[in-house]
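S.K.: whatever this is, show me its structure:
(chains A and B)
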Amino acid sequence: MNIKQGHIDGRQATALLWLAASGKVLLTIPALIVAEGFSASWLIPLGSATIAAAAILPGLALMKRFPGRSLAGAAEEAVGPIAGRAAGLVLAGFLAADAALVLRQFSDAFGSVILPRTPIPVITLVLVLTAVYSAYTGLESIGRLSMFLVPWLLAFFALGYTGRVPDLSFARLMPFWGPGPGNLAVQALKHTGLYSELLTLLILIPYLRKPAVGRAVAFWVIGLTVAVMILIQVSILVTFDVLGTDRLLYPVINLSDLVTLGHLDARVEPLIVLLWIFMAAIKVSVILWTLGTHLAETLRLPQFKPLLPIVAVIALAGSRLPGGIQQTIDLYHVSVTHVGGVPVFALPGLLWLAAVLRGRRAA
Amino acid sequence: MTSLWKRLRSIFTHPKRDLEAVQFSLGDRDPRQTSAAPPELRKPPDPDGADKGEPIPEDLDKAVERLAAILHYPLSQDLVFREITLPTRPTARARVIYYEGLAESRRVEREIIEPLMRFPLTNKTPKDRLPDVFLESILPSGSSRRAQSMEQLVTGITLGEAAILIETGVACLADVKEPPSRAPEPPITERTTRGPQMAFVESHRTNSAMIRRFVHDPDLVLEGYEVGRRQKTPVALLYISDIANPKLVAEVRQRVRSLDVDGITAIGILEQLIEDHPVSLIPTMLNTERPDRAALHLLQGSVVLLSDGTPRCLIAPVTFSTFLHSTEDVYQRYPYANFLRVVRLLASFVALLAPAIYIATLNYHSEMLPHLLLLTLESARQTIALPLVVSVVIMEVAFELVREAGVRVPAAIAPTIGIVGALLIGDMAVRANFVSPATIIVVAATGLANFAVPDQAASFAIRIGRFIFIALAGVLGFLGIALGFYVLATHLAGLRSFGVPFLAPIGPWRPGSADVILRDPYWRQELRPSFLRPLDLFRLTRRSRAWDPGLESAPSRPESGGQEKTAGDEQERGE
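M.R.: Now for the predicted structure:
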């Protein structure tokens, strides 16, 4: 019954990771998935979720094999200090790329939708400062805040979906298999990076009050995230069709433009954006916390907080590297959505396999 | 260069010390904190209050001389040294020492000097029994006690007691104090229409008696402490021993006893010394002037602190929702109370965000407004030379000035300030094209909403926060407001009040409490707040309405003799 300081419970972890993972639907992900899955694009997140649910098991087994150890520590136990640390740095690199690209996309989205006259770097700076403060207050605060926000965000989704959207047609979901089952399966495999937040789960397992709930948290996060993604994909398809979506950068934001509530016309859109900002802030805060914590553990530093300004600067600088938003989107799609499965699932899986083969386990 | 490198290195290699890890939690006590506390703080308080200070000289003249030196006599003109001769055989000299005004002269005469003069004490009484004879047979006051050190004598005298020194080596203190006090009056800042019309006064003894009038419970414990090296201000810690969590009581006791200050003159200073987050905008202790509110919190499992000289008390722990509650809520019927709470919640949002939303809407997101309204607002702004943000800030500052001036000026001219303020804000500013009428409406509504916030400290936090949100809205519109709100929410989520997360029972979720933002009907509030981890979780059972046949099958408290349900059990399931 004791509350361990700086730790969160399973529900908080689920809320936190779910919000972070669902934050992706605000970006260009839905449009990119439609471009690859056509009318059956809603099946891609479903297939990816199934693969992710199975692929995370070796990672969870690794953490179970070394209870109380961080992911970086478990990697060192499994393959030795040098290879383990190298693996840790690979994961840190992936998290840094994720942080930079997500930051840039959110800044661009907010800039284009609500502050068209404000320079994007200003928005990026404000967003990263907010996330640094949030990450600095610690996992416990972010976890509690996520729990606090979940009902409001659910209310937002309910509000959005009880509104009136013109020109809906469920016929746009046909043909059911879109590009074909085989092609869909390949796309599902390629999109396991949609659940890259499961890497955060592996890193925060030592900070769970009961680490044994890690597997349940993973399945809940996958289940809830896939529900949101399917809902969004279906909504986009029945509203814009495949060809219409192809012309949109942020289809969810465009979707909210069309939602009318009674006689309010489209005037609630900026208010809905408020809730999106919360999701974005949580997403960036979680990435910065994860990156800072993982880097501190990999480098065997006792504290992660002094690293936060450093990782923030890395993310900020990284977000300015792509030449434009289209390049950012392409990079994100390749490095996180497509290749993300490698660091999130394959690398922890290989570490687990190495630990098993070498007979390494916690002393 | 080397020292710079060492300092940089120390940032990263400092022993692991997470800020959260050293915060006190009701659920877990950090062993490092316990070991860091001085050993004497871990001991239970000495019921006699005896300490091993400077001994009282047995020789009367030396004792008097020492006391006079400590109390700066004869420089201190209000200190009285009464010399009397006891009618013993042979006669004995005695001195009664007290501060005139703090101790009541008539009581000194009637309760100390007269009995001493009349009592035929003989030398047959053994010397070591003399103090007991004095305390049991001579001094009628129930609060008389034997003094064992000079420190005790001095503290007693400065608190209004009379010291009695007899040449046989006897030293006693008799409580004859009459500090300046007044009769209880109706509350000023926390008025209710249905509740008791009684507020605390300056005497902490009267205040504790007022609380006992509401809590007729033998388990209501009052621990007394003296805070301050010089001032020795009496502080009382109240709790109900079979409800309040012992860890909470121990934590409050430790914080009060570990204070090393000159003294405290008011409970507001004590609050700043013992609260968890003294630099935060958000208060983490409740400061109330109502004894009935203190009693209600005691019955929930909180602790109450009283300090002599302050007509208010402190309550801890508190959560976010506490500051939206009013005592009125308890006395009103359930639907009315919830309506009032919704109004207050709305008022809090308006007070904090209305000017910021007004600025963000007009400057950045005008598409939110209906066209006609937008045209009206924009046409009114055509003649205003100042930018919207500046005009709002000017009006907010003017409003704050009027409010502050209204508090400071003598009551007789306070209405004048109101009239000047109304003219300044309402009419002249518009005529001078400083602000538009819509700005006046927004600022006035904001000020009005601020008065609806039931707690003064929360109201201050909202007033300051409003200016921050105005700045954010002016620079970044809704993005600024949203990010500011996110930072505020993160800050709230990171706060603790004596081990209780500030956003409990919502974040973290703690089931059971039926009195958070809204409240259930009183008869349905079976459990005390589980986040306080009370020893007795049940406040009432559904059988409290035993006459109601519809509730017969409802689950209820275990029968006496069965396993009592505690907050710990509930918590375990919750996690």
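S.K.: what segments of the stretch 201-350 of chain B are helices?
M.R.: Assigned by DSSP state H, counting those that start in this stretch, the helices in the stretch 201-350 of chain B fall at B:204-214, B:246-257, B:267-274, B:291-300, B:327-331, B:334-363.
S.K.: elements contacting the longest one?
M.R.: Taking 3 or more C-beta pairs under 8 Å, 6 or more residues apart in numbering or on different chains; DSSP states H and E as the contact definition, the neighbouring helices and strands of helix B:334-363 are helix B:327-331, helix B:371-381, helix B:388-408, helix B:437-451, helix B:456-494. Any C-beta I mention is one placed from the backbone N, CA and C, and that applies to glycine too.
S.K.: how far does the last one sit from its chain's centre?
M.R.: Translated: helix B:456-494. Distance of helix B:456-494 from its chain centroid, counting by C-alpha atoms, centre = their mean, to the nearest Å, is 25 Å.
S.K.: run the angle between that helix and helix B:388-408 for me.
M.R.: Interaxial angle, helix B:456-494 versus helix B:388-408 (axes from the mean of the first three to the mean of the last three C-alpha atoms, to 10 degrees): 130 degrees.
S.K.: which non-adjacent residue is nearest A:Ala92?
M.R.: Nearest residue to A:Ala92, sequence neighbours excluded (C-beta to C-beta, 6 or more residues apart in numbering or on different chains): A:Leu295, at 5.0 Å.
S.K.: please identify the helix or strand for the one you found.
M.R.: helix A:269-298 (DSSP states H and E).
S.K.: which of the residues in that helix are buried?
M.R.: A:269-270, A:272-298 (16 or more other C-beta atoms under 10 Å in any protein chain shown).
S.K.: list, one by one, the residues from the stretch 151-300 of chain B near chain A.
M.R.: Nowhere does the stretch 151-300 of chain B come near chain A, counting by C-beta under 8 Å from any C-beta of the partner chain.
S.K.: shaky segments in the stretch 151-300 of chain B?
M.R.: Low-confidence segments of the stretch 151-300 of chain B, defined by pLDDT under 70: B:178-181.
S.K.: repeat that with 90
M.R.: Within the stretch 151-300 of chain B, the stretches with pLDDT under 90 are B:151-161, B:164-198, B:202-226, B:228-234, B:241-242, B:262-263, B:265.
S.K.: check whether whichever strand or helix holds A:Leu129 comes near chain B.
M.R.: Assigned by DSSP H and E, A:Leu129 falls within helix A:120-137. Yes: judged by C-beta under 8 Å from any C-beta, helix A:120-137 comes into contact with chain B through A:Val122, A:Ile123, A:Val126, A:Leu127, A:Thr130, A:Tyr133, A:Ser134, A:Thr137.
S.K.: from B:Asp242, how far out is the third one?
M.R.: According to C-beta to C-beta, to the nearest Å, A:Val126 stands 51 Å off from B:Asp242.
S.K.: more neighbours: which of the two?
M.R.: A:Val126 (20 against 12; other C-beta atoms under 10 Å in any protein chain shown).
S.K.: so what's that one up against?
M.R.: Contacts for A:Val126 (C-beta atoms under 8 Å, 6 or more residues apart in numbering or on different chains) come out as B:Leu476, B:Leu479, B:Gly480, B:Leu483.
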